[in-house]
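Participant: turn this into a structure:
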Amino acid sequence: MLTFLEIQRKVDQICEKIGLEKKRVWPAVQNDGAPYVLIHENKYWYISEERGEVFFEKTTKDFEELLYWIMDNFISSYSFEFELKNRTRGQDSRRLAFSKQIELFGLISDQWKVKKENEIKKVLETAPFRDV
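Facilitator: Below you'll find the model as predicted:
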């Protein structure tokens, strides 16, 4: 298992590689919903909670999977901020945001790009784009 400091360093490297400002990976609950990482029982835990209510709790022994979850959170936030600044009237906001997510994941690895594309396809099966 990697240490928390090693996890933060790897996240910093990826952020630099794809042009995002470095983001803090929290080692403990922040009580504002911000996800945090625990290393416990030989597993990585990725948890989001606010005032005692758990929004999600994921566990893995695979560092790459943890790293994907962390970067997915950062990239998703960035992509919707990007969309807001570059909004096209009448276009479903997710078009640009999803496109930006795929672009950024592609800069990290082809495998992560394909994974993100598949996740987006799944979302669009139940909630297709709705341009106005």
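Participant: for the rest of this, base every contact and every neighbour count on C-alpha atoms.
Facilitator: Fine.
Participant: next up, the contacts around residue 129.
Facilitator: 92, 94, 95 (Cα atoms under 8 Å, 6 or more residues apart in numbering).
Participant: show me where the chain has its helices.
Facilitator: 4-18, 63-85, 93-108, 110-126 (DSSP state H).
Participant: rewinding a little: with the contacts of residue 129 in mind, which one is nearest to residue 57?
Facilitator: residue 94 (25.0 Å; Cα to Cα).
Participant: give me the number of residues near that closest one?
Facilitator: 18 (other Cα atoms under 10 Å).
Participant: and for residue 109?
Facilitator: For residue 109, using other Cα under 10 Å, the count is 11.
Participant: any idea how far it lies from residue 102?
Facilitator: 10 Å (Cα to Cα, to the nearest Å).
Participant: TSV for the helices of the chain, including mean pLDDT and distance to residue 54?
Facilitator: TSV is the format used below for these (pLDDT from 0 to 100; distance: least, Cα to Cα, whole Å):
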stretch	mean pLDDT	distance to residue 54
helix 4-18	98	21
helix 63-85	98	16
helix 93-108	98	25
helix 110-126	99	22
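Participant: and which of the contacts of residue 129 is nearest to residue 64?
Facilitator: Nearest to residue 64, judged by Cα to Cα, of those is residue 94 at 26.0 Å.
Participant: distance of that closest one from residue 51?
Facilitator: 29 Å.
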